[in-house]
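A.B. asks: Pasted the sequence and its predicted model underneath.
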Amino acid sequence: MAKRSAPEVNAGSMADIAFLLLIFFLVTTTIEVDSGINSKLPPDEPPIEDVRIKQKNIFTVELNKNNQMLVEGDLMEVKDLKAAAIKFIDNGGGQGDDKCTYCKGAKDPASSDNPGKAIISITHSRATDYETFITVYDQLVSAYSELRERLAQKQYNRSFKEMEAAYDDSKSPDFKSEKLKDKIEDIKKKYPRIISKAEPKF
């Protein structure tokens, strides 16, 4: 009896099918775009012992499981957060060594002494939506940005955002300029972004 030969597999057709499947998955697959907080870590510094922070220098922002925001214990709409944060940061209620000469706030002795001591503390529930947290955080960052812009315009008659862009732009005459760097650092030092993000506790 003659031996039956095994049928040959058309390798060319297999390659075509694999290619079509690859195209199918590329077309139908949704690529998720991550959203997050772009922040620069502070330089490593030795721990400071016995630091006592006055309660008036802490601005508490709490997000509950229902995505409601409490500021200093009171319910507040997100749209009002930026103005409230600016009022706290720029209060300038300190005296003596804590006095803020460039602050434009109410100088309420019951609120923050100066921007260098004003701490914004955010706590949130494990059930808080990430989108809500990001929106709130962006409002706080925007508050610092507005204060830095105002001071840069007053001291240097120049936009702070434009100063940072010029420093990093290789085509700018101010590219990596030490003089411009000193101005940028001066603004950041006077309005340091101090936002404390605590681990969820409830």
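C.D. replies: Here it is on my side, so go on. Numbering: from 1, shown residues only.
A.B. asks: Can you show me the strands along this structure?
C.D. replies: For the chain, applying DSSP state E gives strands covering 58-63, 69-71, 74-75, 119-124, 195-197.
A.B. asks: Would you mind giving these as TSV with distance to residue 159 and mean neighbour count added?
C.D. replies: The C-beta positions use only the backbone N, C-alpha and C, and glycine is treated the same way. Below are the strands of the chain laid out as TSV (distance: least, Cβ to Cβ, whole Å; neighbours: other Cβ atoms under 10 Å):
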stretch	distance to residue 159	mean neighbour count
strand 58-63	26	20
strand 69-71	29	19
strand 74-75	34	8
strand 119-124	24	19
strand 195-197	23	15
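A.B. asks: Pass me the low-pLDDT residue ranges in the chain, would you?
C.D. replies: Scanning the chain for pLDDT under 70 picks out the ranges 1-14, 30-51, 201-202.
A.B. asks: if you set the cut-off to 80 instead, what comes out?
C.D. replies: Applying pLDDT under 80 to the chain flags the ranges 1-20, 24-51, 200-202.
A.B. asks: all helices of it, in order?
C.D. replies: 11-28, 81-89, 130-156, 160-168, 178-190 (DSSP state H).
A.B. asks: Out of those helices, which is the most enclosed?
C.D. replies: Highest mean neighbour count of these: helix 81-89, a mean of 20 (counted as mean count of other Cβ atoms under 10 Å).
A.B. asks: Packing partners of that helix?
C.D. replies: Under the contact criterion of 3 or more Cβ pairs under 8 Å, 6 or more residues apart in numbering; DSSP states H and E, helix 81-89 touches strand 58-63, strand 69-71, strand 119-124, helix 130-156.
A.B. asks: If we use 6 Å, what do you get?
C.D. replies: helix 130-156 (3 or more Cβ pairs under 6 Å, 6 or more residues apart in numbering; DSSP states H and E).
A.B. asks: Check the offset of the helix it packs on from the chain's centre.
C.D. replies: Between the centre of helix 130-156 and the centre of its host chain there is 9 Å, according to Cα atoms, centre = their mean, to the nearest Å.
A.B. asks: tell me the angle of it relative to helix 81-89?
C.D. replies: 50 degrees (axes from the mean of the first three to the mean of the last three Cα atoms, to 10 degrees).
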